[in-house]
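*Asks:* missing the sequence, but the structure's below:
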Ligand SMILES: Cc1ncc(COP(=O)(O)O)c(C=O)c1O
């Protein structure tokens with residue numbers, strides 16, 4: 001197998017444990033990535049479309065009211081929710097789609113859980129002229145239907161996955177299977193900084209734009225680096241994208257996982273600060289939530305994007321060495337953090353991002369007033385309206401839905 005050893009592993013984590021049939025596809029991808037990532041013209045095109053199409057740079061917002069409320073530490077929010085399609089996912093989708101075009105591929109496939117990565121991939125595929133198919137567990141299709149509709153609006157085919165628990169893990173398996181069958185014309189656009197090499201490195205590099213921009217913006221605003229940065233951790237792409245620009249600095253890095261409904265197996269997705277075990281699953285080595293026999297445990301989070309049993313290998317390594325501190329936030333804390341951010345700053349975070357905010361809100365009072373803190377708000381909350389509205393708007397929301405359904409059935413909305 002080719003590839004520089006240090007890039008394929010992060011400490012003991014990472015690697016590429018793939019079936020023989022996928023070896024040619026991975027070798028082609030690895031060679032194309034090595035060539036493109038060293039070509040300034042490739043990055044110039046990524047930056048041009050990042051500015052024109054994605055809307056970069058996203059702002060670093062000073063959260064004045066939250067700063068006052070928590071009594072001192074100056075709090076900044078990196079607002080990835082203002083990127084096109086509503087989250088950081090498009091940074092990676094754009095980068096990999098440009099690579100696929102360079103490789104002469106005609107078709108993009110992707111897995112999706114919450115639907116944000118599927119939506120970003122479908123949008124970029126439409127913009128760059130690819131055929132597109134998104135694999136999504138049937139359970140996720142039911143709970144994230146607005147994003148299914150969004151992907152279809154961009155012309156993508158959304159294929160429901162019926163195997164296993166019918167969620168993200170099964171969607172990844174289905175995408176790999178499809179890639180095995182059509183690797184000549186298809187690129188598998190994996191959505192987080194995980195999976196077999198070179199995905200963790202490649203996705204981190206496309207997402208590192210978040211950290212690079214933040215570094216420049218905070219230096220302009222405060223003339224110094226932050227003391228602490230928080231990011232939520234699903235597979236790990238927004239967090240490693242943010243943290244990678246600060247790994248060699250005296251900046252405390254905090255990853256916030258999904259604490260869900262509590263510590264019982266199946267009720268959370270806490271891999272690093274909880275009960276994750278080292279294993280090789282989906283062709284890479286990392287921490288996974290597994291039972292005694294090594295099978296993946298079901299997970300739960302109010303946010304579909306953090307509802308995953310594994311974690312990217314670089315984060316697993318940086319967590320094991322202590323460079324990144326991991327904590328978690330419960331569903332309830334997350335909904336409270338969302339409400340507080342909306343009311344204080346006029347900004348509704350995605351439920352995933354609200355985990356990072358909840359982690360910060362819990363710890364801010366312990367920090368001295370001169371401390372400087374950044375939270376990566378990886379996405380905006382529009383996509384979660386069917387989950388947050390019953391909580392925030394109660395009976396009024398249910399009454400609205402009933403009226404709408406009746407009006408649509410009576411033909412009053414066309
Ligand atoms: C807004 C948002 N933030 C975070 C995540 C979690 O993914 P990652 O850990 O790769 O950033 C998702 C996944 O769908 C997401 O939509």
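*Replies:* It's in. This one's a predicted model, so the numbers in the text were calculated from it and none came from an experiment. Numbers count the residues shown, from 1 in each chain.
*Asks:* CA only for contacts and neighbour counts going forward, please
*Replies:* Fine.
*Asks:* which SS state does residue 299 fall under?
*Replies:* Following DSSP: H, G, I helix; E, B strand; the rest coil, we place residue 299 in the coil state.
*Asks:* Which residue is the nearest non-sequential neighbour of it?
*Replies:* Closest residue in space to residue 299, ignoring its immediate chain neighbours: residue 266 at 4.6 Å, by CA to CA, 6 or more residues apart in numbering.
*Asks:* Tell me if I'm right that that neighbour and residue 291 touch.
*Replies:* No: Residue 266 is not in contact with residue 291 according to CA atoms under 8 Å; the separation is 10.2 Å.
*Asks:* Please say which of the two ends up with more neighbours.
*Replies:* Higher neighbour count among residue 266 and residue 291: residue 266, with 17 against 14, using other CA atoms under 10 Å.
*Asks:* can I assume the more buried one sits in a strand?
*Replies:* No: per three-state DSSP, residue 266 lies outside any strand segment and is coil.
*Asks:* rewinding a little: hey, what's in contact with both of residue 266 and residue 291?
*Replies:* Listed contacts common to residue 266 and residue 291 are residue 297; contacts here mean CA atoms under 8 Å, 6 or more residues apart in numbering.
*Asks:* near the ligand at all, stretch 265-276?
*Replies:* No: judged by CA under 6 Å from any ligand atom, stretch 265-276 stays clear of the ligand, getting no closer than 11.6 Å.
*Asks:* Run through who's touching that stretch.
*Replies:* By CA under 8 Å, 6+ apart, stretch 265-276 touches 257-262, 277, 287-290, 297-301, 306-311, 316, 319, 326-328.
*Asks:* ok now it, how far from the chain's centre?
*Replies:* Here the centre of stretch 265-276 is set off from its chain's centre by 18 Å, with CA atoms, centre = their mean, to the nearest Å.
*Asks:* And that stretch, what's buried?
*Replies:* Across stretch 265-276, burial judged by 16 or more other CA atoms under 10 Å covers 265, 266, 267, 268, 269, 270, 271, 272, 273, 274, 275, 276.
*Asks:* Near the ligand, which residues of the stretch 51-200 of the chain are found?
*Replies:* Residues of the stretch 51-200 of the chain lying close to the ligand by CA under 6 Å from any ligand atom are 87, 114, 116, 117, 192.
*Asks:* and those, which of them are in helices?
*Replies:* Mapping these onto helices (DSSP state H) picks out 116, 117.
*Asks:* can I get the residues of the stretch 51-200 of the chain next to the ligand in TSV with neighbour count?
*Replies:* Output for these, formatted as TSV (neighbours: other CA atoms under 10 Å):
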residue	neighbour count
87	26
114	27
116	26
117	28
192	26
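*Asks:* which one in the residues of the stretch 51-200 of the chain next to the ligand is the model shakiest on?
*Replies:* Ranked by pLDDT, these bottom out at residue 114 (84).
*Asks:* pretty sure it contacts residue 304?
*Replies:* Yes: between residue 114 and residue 304 there is a contact under CA under 8 Å: 4.8 Å.
*Asks:* what residues do those two have in common as contacts?
*Replies:* residue 140.
*Asks:* residues contacting residue 150?
*Replies:* Going by CA under 8 Å, 6+ apart, residue 150 touches residue 119.
*Asks:* element containing it?
*Replies:* Assigned by DSSP states H and E, residue 150 falls within helix 145-153.
*Asks:* Counting neighbours, which bits of that helix end up buried?
*Replies:* 146, 147, 148, 149, 150, 151, 152.
*Asks:* From the contact counts, what lies against whichever strand or helix holds residue 340?
*Replies:* Remark: residue 340 resides in helix 331-345, with elements defined by DSSP H and E. In terms of contacts (3 or more CA pairs under 8 Å, 6 or more residues apart in numbering; DSSP states H and E), helix 331-345 is packed against helix 64-69, strand 252-260, helix 351-363.
*Asks:* would you list these in a markdown table and tack on mean neighbour count and mean pLDDT?
*Replies:* Formatted as a markdown table, the helices and strands packed on helix 331-345 follow (neighbours: other CA atoms under 10 Å; pLDDT from 0 to 100):
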| stretch | mean neighbour count | mean pLDDT |
| --- | --- | --- |
| helix 64-69 | 15 | 97 |
| strand 252-260 | 27 | 97 |
| helix 351-363 | 26 | 98 |
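*Asks:* mind showing which ranges of the protein have poor pLDDT?
*Replies:* By pLDDT under 70, the low-scoring segments of the chain are 1-7.
*Asks:* 80 instead, please
*Replies:* In the predicted model, the chain carries pLDDT under 80 at residues 1-7, 274.
*Asks:* Tell me the spacing between residue 234 and the ligand.
*Replies:* 3 Å (CA to the nearest ligand atom, to the nearest Å).
*Asks:* on that earlier part again, residue 127: which of the buried residues of helix 145-153 is nearest?
*Replies:* Nearest to residue 127 among the buried residues of helix 145-153, counting by CA to CA, is residue 151 at 12.8 Å.
*Asks:* Leaving out the residues flanking it, which one is nearest to that closest one?
*Replies:* Residue 151 sits nearest to residue 119 (CA to CA, 6+ apart), 5.1 Å away.
*Asks:* List the contacts of that neighbour.
*Replies:* 85, 147, 148, 150, 151.
*Asks:* out of these, what pair is the most spread apart?
*Replies:* Going by CA to CA, the pair spanning the contacts of residue 119 furthest: 85 and 148, at 13.0 Å.
*Asks:* which residues in the stretch 1-150 of the chain form helices?
*Replies:* All helices of the stretch 1-150 of the chain, identified by DSSP state H, counting those that start in this stretch, fall at 5-8, 23-37, 40-49, 64-69, 89-102, 116-128, 138-143, 145-153.
*Asks:* Which among these is found nearest to residue 16?
*Replies:* Each of the helices of the stretch 1-150 of the chain was scored for nearness to residue 16 using CA to CA, and the closest is helix 5-8 (7.4 Å).
*Asks:* residue contacts, residue 147?
*Replies:* Counted by CA under 8 Å, 6+ apart, residue 147 has contacts 114, 115, 116, 118, 119, 383.
*Asks:* what do you get for residue 71?
*Replies:* Residue 71 touches 365, 369, counting by CA under 8 Å, 6+ apart.
*Asks:* So residue 394 belongs to a strand, correct?
*Replies:* No: Residue 394 is assigned helix when assessed by three-state DSSP, not a strand.
*Asks:* Serialize the contacts of residue 147 to TSV and add fields for distance to residue 371.
*Replies:* Compiled in TSV, the contacts of residue 147 are given as follows (distance: CA to CA, whole Å):
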residue	distance to residue 371
114	34
115	36
116	33
118	38
119	37
383	33
